[in-house]
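[1] Sequence and computational prediction follow.
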Amino acid sequence: MKTENVQDIYELSPVQNGILFHSLYAPETGLYLIQFSFTLRGHLDIVAFDRAWQEVTARHTILRTSFYWQEIDKPLQVVHQQVKVPLEQYDWRGIDPVEQEKTLSSFLVSDRQKGFDISQAPLMRLTVIHLAEDTYQFVWSKHHLILDGWSGSLVLEEVFQIYKKLSQSQHIFFAPCRPFKDYIAWLRKQDLSKAEVFWRQMLNGIKAPTPLTYLENLSSQEEKYDEQQIKISVVTTEVLQSLARQHQLTMNTLFQGAWAILLSRYSCQNQVVYGCGVSGRPVDIEGVESMVGVFINTLPVRVNFPSEQYLLAFLKELQVQQVEMRQYEYSPLVEIQGWSEVPRGMPLFKSIVVFENYPMTKVLQNSQEDLELLKVTGFYKTNYPLNVIGYPGSELVIGINYDCQLFDAATITGILQDIEILLQGMANNPDVRLQDLSLLTLNQQKLASRLEKEINFSFV
């Protein structure tokens, strides 16, 4: 490792270690590459845009970080003093709009296939494509080793704040931010003994992950990850939000509760374990909300389903568990695995639930006067076969990222429909028992009721 241009060297967080392992173990699969594609409308000052990105990169150490793991006992992250983020430009204004869509789709795939050399900083790249006189496509690709969702939103917000000032020949002053190194130092001070007691108690008796066997449809197709999304109506979303407020619950709890119920029914088990994405930002680090790096963690959630339990009681118990887990969000998943009775080499869970709370909507809402962010799409691939993601807003958006070798598109469509029906049922009748929550639409319930009456009548 060359030492010139090196500012700092320190260890990785447990989450970074896990991401690094999977990235190196199967580099051809493109795990943990995050790609956002934005449609911009208006006038884009490309010089100011480029400079804004370089200034933000100079401001945050994690954006100037590479990783070193060869011939050493523990991997290290290396902060470089100076790094230039590459920005490529393309002019597609002479291409037909329909052809532009096809070309963009191909470009996004090829961009993901390029991956990253994680031994070289920066672990992100930018592309600006000029589509029409006042329309651009901006593609931001980065590795999850340096940014989680919340941090990505902070970076993007700063970029556009700086860009606005630069395009007006002004400058903006930001207060100094704490480096990611401070979080690594905090992690090293944590006592895992209390965490061990908590996780051993929570996972006591769990000897295998909750199976997804009934959902799987093994395919011989090439390795591929895909995503489907649905939107919950504004009316249903508002009712769910009102229900959450009324009973001091969070939308995250409602969302996780819905998945836990479905997982129980899919697996035919009265206790389930799934993974839950948590922010991982310690409240006792001053200024942690504005720190940029990788804080997110994925932790196991165990849910039991006593017979005859009511929905609201179930949700309140789930939320209490979430609050208790908050104290141990720093726990390395590999350690939790060792504290459980699940054999090494077998995962604790096969599905994860993430309720996104990062302020991407704030970035979209704060568009510039002469540059509007119209649309954003994203791609993200983990080592888990099924990822259920909630995006809050006036319409709750639910997405499922999935391994196409294990699940077909029709199965994922069915799961999304089940989630929608279940959430509607929770909104319409929160006082219901869990066992009485139906996965049938209202019309299907009426038809089933009518058929049941006809069958009973025929036996009279």
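    Structure received.

[2] any idea of the mean pLDDT for stretch 154-172?
    Per-region confidence: stretch 154-172 scores 91 on mean pLDDT.

[3] can you check stretch 371-391 too?
    Confidence over stretch 371-391 (mean pLDDT, whole number) is 86.

[4] same thing with stretch 347-355?
    Stretch 347-355 comes out at a mean pLDDT of 94.

[5] First-to-last residue distance for it?
    With CA to CA, to the nearest Å as the measure, stretch 347-355 spans 21 Å from end to end.

[6] contacting residues around that stretch?
    Contact partners of stretch 347-355, identified using CB atoms under 8 Å, 6 or more residues apart in numbering, comprise 203, 206, 209-212, 251-252, 255-256, 259, 263, 273-277, 298, 300-301, 333, 336-337, 340, 342, 382, 384-390, 392. The way it works is simple: take the backbone N, C-alpha and C, and place the C-beta from them, glycine included.

[7] can you confirm P300 is in a helix?
    No: applying DSSP: H, G, I helix; E, B strand; the rest coil, one finds P300 to be strand, outside a helix.

[8] who's in contact with it?
    W199, M202, L203, V273, Y274, G275, C276, L333, I336, S340, L348, F349.

[9] Among the residues you listed, name the ones in helices.
    W199, M202, L333, I336 (DSSP state H).

[10] How far off centre is stretch 275-282?
    How far stretch 275-282 lies from its chain's middle: 10 Å, per CA atoms, centre = their mean, to the nearest Å.

[11] which other residues reach that stretch?
    Contacts of stretch 275-282 (CB under 8 Å, 6+ apart): 15, 148, 150, 183, 186, 256, 288-289, 291, 295-301, 322, 325-326, 329-330, 348-349, 351-355, 357, 384.

[12] Return the subset of those residues lying in helices.
    Per DSSP H, these map to helices at V15, W150, Y183, W186, Q256, Q322, M325, R326.

[13] Next one: the fifth one from Y380, what distance?
    Plainly put, Q256 is 19 Å away from Y380 if you go by CB to CB, to the nearest Å.

[14] between those two, which one's more packed in?
    Taking other CB atoms under 10 Å, Q256 and Y380 do not tie; Q256 has more neighbours (25 against 19).

[15] That one reaches E317, doesn't it?
    No: at 11.8 Å, Q256 does not count as touching E317 under the criterion of CB atoms under 8 Å.

[16] tell me what the helix or strand where H22 lies is packed against?
    For H22, the host element (DSSP states H and E) is helix 14-25. Other elements packing on helix 14-25 under the criterion 3 or more CB pairs under 8 Å, 6 or more residues apart in numbering; DSSP states H and E are strand 297-304, helix 333-339.

[17] Highest mean neighbour count out of those?
    Ranked by mean neighbour count, the helices and strands packed on helix 14-25 are led by strand 297-304 with a mean of 21 (mean count of other CB atoms under 10 Å).

[18] Beta-bridge partners for the residue sitting nearest the centre point of the chain, please?
    By CA atoms, centre = their mean, the chain has its centre lying nearest to V354, at 5.6 Å. Legend: beta-bridge partners of V354 under DSSP bridges are I389.

[19] Could you point out which residue ranges in the chain have low pLDDT?
    For the chain, the stretches flagged by pLDDT under 70 are 1-2, 27-29, 219-223, 358-369, 441-460.

[20] element containing I415?
    helix 409-428.

[21] May I have that helix as CSV, with CA atoms only?
    C-alpha atoms of helix 409-428 as CSV (Å, rounded to 0.1, in the frame of the first residue of the first chain):
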residue,chain,number,x,y,z
ALA,A,409,-42.1,-12.7,-10.6
ALA,A,410,-45.6,-14.1,-10.1
THR,A,411,-44.7,-15.2,-6.5
ILE,A,412,-43.4,-11.8,-5.7
THR,A,413,-46.5,-10.1,-7.2
GLY,A,414,-48.6,-12.4,-4.9
ILE,A,415,-46.6,-11.5,-1.8
LEU,A,416,-47.0,-7.8,-2.5
GLN,A,417,-50.8,-8.3,-3.0
ASP,A,418,-50.9,-10.2,0.3
ILE,A,419,-49.1,-7.4,2.1
GLU,A,420,-51.5,-4.8,0.6
ILE,A,421,-54.6,-6.9,1.6
LEU,A,422,-53.2,-7.4,5.1
LEU,A,423,-52.5,-3.7,5.7
GLN,A,424,-56.0,-2.8,4.5
GLY,A,425,-57.4,-5.4,6.9
MET,A,426,-55.3,-3.9,9.7
ALA,A,427,-56.5,-0.4,8.8
ASN,A,428,-60.2,-1.4,8.5
